[in-house]
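Engineer: Okay, predicted coordinates and the sequence, questions at the end:
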Number of protein chains: 2
Amino acid sequence: MEYQIANRLRHVQGSIIRELFKLANDPDIIGFGGGNPSPETFPVDDIARIAAEVFACNPVSVLQYGLSEGYPALRETMKKHLLKTEGISFEDNELYIVSGGQQSADLVSKTLINEGDIIITEEPAFVGCLNTFRSYGAKLVGVPVKPDGMDIEKLEETLKSYPQAKLMYIISCFQNPTGFTTSAEKRKQIYELAQKYDVMIFEDNPYGEIRFSGEHVPPIKTLDADGRVIYTGSFSKVMAPAFRLGFMVFNKGLSERLTVAKQCADTHSNVLFQYICNEYMTKCDYAAHIASACEVYRKKADLMLGEMEKKFHPDVTFNRPEGGLFVMAFLPEGMDSFEFVQEGIRRGVACVPGVAFVVDQSKPSSGFRLNYSTPSDEQIVRGVDILGKLTYEWLDK
Amino acid sequence: MEYQIANRLRHVQGSIIRELFKLANDPDIIGFGGGNPSPETFPVDDIARIAAEVFACNPVSVLQYGLSEGYPALRETMKKHLLKTEGISFEDNELYIVSGGQQSADLVSKTLINEGDIIITEEPAFVGCLNTFRSYGAKLVGVPVKPDGMDIEKLEETLKSYPQAKLMYIISCFQNPTGFTTSAEKRKQIYELAQKYDVMIFEDNPYGEIRFSGEHVPPIKTLDADGRVIYTGSFSKVMAPAFRLGFMVFNKGLSERLTVAKQCADTHSNVLFQYICNEYMTKCDYAAHIASACEVYRKKADLMLGEMEKKFHPDVTFNRPEGGLFVMAFLPEGMDSFEFVQEGIRRGVACVPGVAFVVDQSKPSSGFRLNYSTPSDEQIVRGVDILGKLTYEWLDK
């Protein structure tokens, strides 16, 4: 039969880079294209031990149906953790556990976005969330993101042009794909503009704890005087991605509707991994674990960035990320990176072209994203060398 | 700030029975209200052993990001299993792993339902899925379900009245909340009507393997000549609910859009439990496990139904379910069960009133749902005794 696909999903593109990724799965290809955290950071022994203990002592507690809002002990642990590490208070806020950071975007959209609503997003931005917004029929409007966060003038112009805008989407630390971090000053400006134009903010911070240089910047959520910021994070980069666990912080006024949204989506998130996260955070040395993960990423980032400085054509620009998993390099303005990335794959190195992360995919995108968390040191050196030679050929041709 | 909740979610009721359930969590209340599978059926030792083995030998394989479509080995295992046990063929069909049966309803709605689309549902039916449909703006139209399945005349009348209907929702075995099973004859009639009026069928079968009497009836999906049936099942009742795993079977023509829907919802389902399901199904005696689970449920159902026959007022009617977790009892027609259930809770026994499972909650519902999988034998005897006395008081007052 002819399937009538719902309007909301009809125009969401499957990944534009799916074909590229298929190539990238070739074991002979050096993969700078993925976004996987480094497996050496997974606290495997503690995960295995905690799982074994609970299966031995109280298995039904982690196998039976759980609560939609999340495992109560983990919710309390996370509230204390976020108060201590990020300065987020819970007098007016609530925290739910969700099935990975991706589900936060899904539940926020389900709860707040009508078909045709405007979402203002950093551009480029994480394609996974852009697609979720699109899957609820949102219209996306991009505002360019600079090394210190969104272009504030363009943001205000956009807010003026779209007075009905409902939500702003911001990855505030070590943004995916650029690696940029929004400065404290810009966080304040963005929040004030959100107040002035009465827009909500969806602050996505899955990489925040993976800071390996520079100073901590408090989340926009800490400025939130009137409950317009929904803050979300993930256990994917600090515990393990296949846990499929994240969390959302939001004003209590949204609790009841978000519970309904969660019930309608998947009833609740898996309980064993919620239990493991809570045991690990309360009984192991979580701070030392994060410090050691940051050290892994710092070394890999330093290696890749050092090689890029040595090997890339000087007209290819990039910033040093202070954390996270990614760096974006930019070909000279006006040049599109898609063909460049394709040629890179033919030569054995996979990156992601900037076009994958933008609102309007018909315009040229000069950036290409490199991931340093997955490849080995040797692959980083060899891959950057191949790309570096290609930059000279590409720019001087 | 004043939150503008999306239209789709504004009118989805939080659970009408939430207050009842709060009471029902009182340890002094005998709980016939839940829907939890019996923990004694969870294969805890094997789950613990398989988890320990994979954490020792190949931990990264179950902790790193996985595929949106599901763990490939489990998908293959489930295809073989469904061909063998249910007669579902995979020449034209595909199978994805999802995050519990609830997510099947979410992904089907996301992919196929526009706001305002008509979904025809058995009535009463599982409130979790009805709410998911509502959360996508679907308009629900109920067709009464009889002990052998939907009232076929009313179904055809409804299809005539709503020529734009998009989907029918059917729990084909041991329906929640009634315990009814759609007969082979009615499955054929329903499928033929779906063809005649060009409607898709969402066949939900989370309890199908928990058959403790009667004969297996092949799913509607086995009749599906033109790809209009989406079949879904769950690991919640045969492994453990907190696995949050289910599966969907659908015509290959829907694969690409369902992948996008899944990516937008939660990227992928947790990998460890997918691995455990596959190991368990391929290396342990899964058939013996199912047989022993069925025996647990048969005994509990026999006990509850025997007590109901002895203790309930003869004008309170009910059918013997041939499997699953639930039986629905009906007060005489025209009587609403809501007050009856409330009085039951005051006397120490919690059931769920029929109103929780209907499309139009303003009409009287005479049924009330009893669950026999969670309470102990002693609680079953005592609880039915209390309810039985109440039926006499209620009907003779």
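Structural biologist: Yep, it's here. As the structure is a prediction and not an experimental result, all values here were calculated from the model.

Engineer: What residues sit buried inside the top helix by length along chain A?
Structural biologist: Using DSSP state H to define each element, chain A has its longest helix at helix A:286-311. Buried residues in helix A:286-311, defined by neighbour count with 16 or more other C-beta atoms under 10 Å in any protein chain shown: A:286, A:289-290, A:293-294, A:296-298, A:300-301, A:303-305, A:307-308, A:311. Every residue, glycine included, has its C-beta placed from N, CA and C.

Engineer: Same question for stretch A:84-93.
Structural biologist: For stretch A:84-93, using 16+ other C-beta under 10 Å, the buried residues are A:E86, A:I88, A:F90, A:N93.

Engineer: so of those residues, which ones are in helices?
Structural biologist: Using DSSP H, the buried residues of stretch A:84-93 in helices are A:E86.

Engineer: Can you show me the helices along chain A?
Structural biologist: A:7-10, A:18-24, A:44-57, A:59-63, A:72-86, A:101-112, A:127-135, A:152-161, A:184-196, A:255-266, A:271-283, A:286-311, A:338-346, A:377-396.

Engineer: hey, least reliable of those by pLDDT?
Structural biologist: Confidence, taken as mean pLDDT, is least for helix A:18-24 of the helices of chain A (a mean of 60).

Engineer: Measure how the longest helix of chain A sits relative to helix A:271-283, angle-wise.
Structural biologist: 100 degrees (axes from the mean of the first three to the mean of the last three C-alpha atoms, to 10 degrees).

Engineer: packing partners for helix A:286-311?
Structural biologist: When contacts are defined as 3 or more C-beta pairs under 8 Å, 6 or more residues apart in numbering or on different chains; DSSP states H and E, helix A:286-311 packs onto strand A:326-330, helix A:377-396.

Engineer: what angle sits between the last one and helix A:286-311?
Structural biologist: When the same axes, to 10 degrees is applied, the directions of helix A:377-396 and helix A:286-311 differ by 40 degrees.

Engineer: Kindly report the same for the shortest one.
Structural biologist: For strand A:326-330 against helix A:286-311, the angle between stretch directions is 20 degrees (the same axes, to 10 degrees).

Engineer: Adjacent strands (with direction) for strand A:326-330?
Structural biologist: Applying DSSP bridges, strand A:326-330 is found paired with strand A:317-318 (antiparallel), strand A:367-371 (antiparallel).

Engineer: contacts for the last one?
Structural biologist: Right, strand A:367-371. The list of residues contacting strand A:367-371 from outside it, by C-beta atoms under 8 Å, 6 or more residues apart in numbering or on different chains, reads A:31-36, A:124, A:176-178, A:304, A:308, A:325-331, A:337, A:340-341, A:344, A:351-354, A:356-357.

Engineer: among those, which ones are buried?
Structural biologist: Among the contacts of strand A:367-371, those scoring as buried are A:31-36, A:124, A:176-178, A:304, A:308, A:325-331, A:337, A:340-341, A:344, A:351-354, A:356-357 (criterion: 16+ other C-beta under 10 Å).

Engineer: if we can go back for a sec, for the helices and strands packed on helix A:286-311, which one ends up most surrounded?
Structural biologist: With neighbours defined as mean count of other C-beta atoms under 10 Å in any protein chain shown, the helices and strands packed on helix A:286-311 peak in mean count at strand A:326-330, which reaches a mean of 23.

Engineer: what's it in contact with?
Structural biologist: The contact list for strand A:326-330 (C-beta under 8 Å, 6+ apart) reads A:35, A:124, A:174, A:176-179, A:301, A:304-305, A:308, A:312, A:316-321, A:354, A:366-372.

Engineer: Please repeat the previous calculation with a cut-off of 7 Å.
Structural biologist: A:176-179, A:304-305, A:308, A:312, A:316-318, A:321, A:366-372 (C-beta atoms under 7 Å, 6 or more residues apart in numbering or on different chains).

Engineer: Out of the helices and strands packed on helix A:286-311, the one nearest B:L107 is which?
Structural biologist: Proximity to B:L107 (C-beta to C-beta) singles out strand A:326-330 among those, at 28.8 Å.

Engineer: Any figure for the gap between A:E122 and B:Q102?
Structural biologist: Per C-beta to C-beta, to the nearest Å, A:E122 is found 32 Å from B:Q102.

Engineer: Revised request: answer the last question for A:S213.
Structural biologist: Counting by C-beta to C-beta, the gap from A:S213 to B:Q102 is 43 Å.

Engineer: With neighbour numbers in mind, choose between those two.
Structural biologist: Neighbours per residue (other C-beta atoms under 10 Å in any protein chain shown) separate A:S213 from B:Q102, with B:Q102 holding more: 26 against 12.

Engineer: Surely the more buried one is in contact with A:T267?
Structural biologist: Yes. With contact defined as C-beta atoms under 7 Å, B:Q102 counts as touching A:T267 (4.6 Å).

Engineer: intersection of neighbour lists for the two?
Structural biologist: B:G128.

Engineer: between the longest strand along chain A and strand A:326-330, how big is the angle?
Structural biologist: When chain A is parsed with DSSP state E, its longest strand is strand A:139-146. Counting by the same axes, to 10 degrees, strand A:139-146 lies at 80 degrees to strand A:326-330.

Engineer: Which elements pack onto strand A:139-146?
Structural biologist: Using 3 or more C-beta pairs under 7 Å, 6 or more residues apart in numbering or on different chains; DSSP states H and E, the elements in contact with strand A:139-146 are strand A:118-123, helix A:127-135, helix A:152-161.

Engineer: Which among those is found nearest to B:D106?
Structural biologist: helix A:127-135 (11.3 Å).

Engineer: now that closest one: how far from the chain's centre is it?
Structural biologist: Computed by C-alpha atoms, centre = their mean, to the nearest Å, the chain-centroid distance of helix A:127-135 equals 12 Å.

Engineer: Same question for stretch A:129-147.
Structural biologist: On C-alpha atoms, centre = their mean, the centre of stretch A:129-147 falls 13 Å from the chain's centre.

Engineer: Can you give me the buried ones in it?
Structural biologist: Residues A:129-143, A:145-146 are the ones in stretch A:129-147 that count as buried (16+ other C-beta under 10 Å).

Engineer: Same check on stretch A:68-75?
Structural biologist: A:S68, A:E69, A:G70, A:Y71, A:L74, A:R75.

Engineer: quick one: is it near chain B?
Structural biologist: No. On the criterion C-beta under 7 Å from any C-beta of the partner chain, stretch A:68-75 is out of touch with chain B, staying 9.9 Å away.

Engineer: quick one: contacts of that stretch?
Structural biologist: A:95-97, A:259, A:262-263, A:267-269, A:271, A:274-275, A:277-278.

Engineer: Likewise for stretch A:171-184?
Structural biologist: For stretch A:171-184, using C-beta under 7 Å, 6+ apart, the contacting residues are A:35, A:122, A:124-126, A:145, A:147-149, A:170, A:187, A:203-205, A:207-208, A:210, A:217, A:219-220, A:319, A:321-324, A:326-328, A:352, A:357, A:369.

Engineer: Any chance of a PyMOL selection covering the buried ones in the residues you listed?
Structural biologist: Buried residues among those (16+ other C-beta under 10 Å), as a PyMOL selection:
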select buried, chain A and resi 35+122+124+125+126+145+148+149+170+187+203+204+205+207+208+210+217+219+220+319+321+322+323+324+326+327+328+352+357+369
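
Engineer: Kindly report the residues of the stretch 101-250 of chain A close to chain B.
Structural biologist: Residues of the stretch 101-250 of chain A found near chain B (C-beta under 7 Å from any C-beta) are A:102-103, A:106, A:110-115, A:128, A:131-132, A:135, A:226-228, A:240-244.

Engineer: again, only using 6 Å
Structural biologist: A:102-103, A:106, A:111-114, A:131-132, A:135, A:226-228, A:240-242, A:244 (C-beta under 6 Å from any C-beta of the partner chain).
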